[in-house]
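>>> A structural model of the following input is requested.
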Amino acid sequence: MSTQVQKMFNQIAGKYDKANTILSFGIHHAWKKKFVKRVNPQPGEKILDCATGTGDIAFLIEKTSQKKANVVGVDFSEKMLAVAKQRAAQLKSNVEFMGADIESLPFDDNSFDKVTISFGIRNVRNLTKSLNEILRVLKPGGKLFILEFGQPQNETFAKVYNFYSNFILPQIGGMITGEKDAYIYLNKTSLSFPSGNHFIDLMQKNTTFRSCKLESLSLGISYIYTLQK
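Residues are numbered from 1 along each chain as shown. Sure, this is the predicted structure:
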């Protein structure tokens, strides 16, 4: 990921979780719970959470597995990881957090049973390189789970959603974090990133994942993608 994006996430780290909850009206918590349900972490599995941010998904995976899965969270934002580590101490969590860029993961080939990434894949600099790096660290038959924003398909709902995203969300995000430009950028990437079947087509064209499935959430605001090595 670029140093500019890294700097942006460092700047909003302290109030990132609060902003997410307010801007999504709390819906992102339901999305993440459904996402981890699809991940279905099992005892003894080694699971990597990329672009872990403040650790939401990593902690949910650990909780769902009753601390019987081995969870590693990586992010390239030092400030985000600092918040994650503070939360880990408060939760008495065993999740291991470390700094790493998704384009160059510091793990051996075939290291993980599952890899997750939530609301981070759209921000990578080189999508194909990042996905192939995930393929490298996944064990044969392992799965990648992606939770990412999409574009609503219903025309009427899309107009309302786009108005909120373009004109209201950056204002509120800016008031909460003091970084309006960050939310202009994040909104731009969520509206332009290929979603739904377009994302699946991209995966099948540029990677060697042998199966790709999708699930629409909240009328297409978000999608869960499941890809198997």
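>>> I'd like the average pLDDT over stretch 3-19.
Averaging pLDDT along stretch 3-19 gives 86.
>>> how far does it stretch from start to finish?
22 Å (Cα to Cα, to the nearest Å).
>>> do the same with stretch 106-114
16 Å.
>>> what comes up buried for that stretch?
107, 111-114 (16 or more other Cβ atoms under 10 Å). C-beta: built from backbone N, CA, C; applies to glycine.
>>> now the residue lying farthest from the centre of the chain: which helix or strand?
For the chain, the residue at maximal distance from the C-alpha centroid (Cα atoms, centre = their mean) is T156, at 27.3 Å. Using DSSP states H and E, T156 maps to helix 155-163.
>>> let's see that helix as CSV, backbone CA atoms only.
Below are the C-alpha coordinates for helix 155-163, written out as CSV (Å, rounded to 0.1, in the frame of the first residue of the first chain):
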residue,chain,number,x,y,z
GLU,A,155,-31.6,2.3,-8.6
THR,A,156,-33.7,4.2,-6.1
PHE,A,157,-31.7,3.0,-3.1
ALA,A,158,-28.5,3.6,-5.0
LYS,A,159,-29.4,7.3,-5.4
VAL,A,160,-30.1,7.7,-1.7
TYR,A,161,-26.9,5.8,-0.8
ASN,A,162,-24.7,7.8,-3.2
PHE,A,163,-26.0,11.1,-1.9
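>>> tell me which residues are up against it.
With contacts defined as Cβ atoms under 8 Å, 6 or more residues apart in numbering, helix 155-163 is touched by 151-152, 191, 219, 221.
>>> give me the next element, helix or strand, following it.
With DSSP H and E setting the assignment, the helix or strand that follows helix 155-163 is helix 169-177.
>>> give the contact list for the residue most central in space within the chain.
Taking Cα atoms, centre = their mean, the centroid of the chain lies closest to S118, which sits 1.5 Å from it. By Cβ under 8 Å, 6+ apart, S118 lies in contact with 32, 35, 49, 51, 56-57, 146-148.
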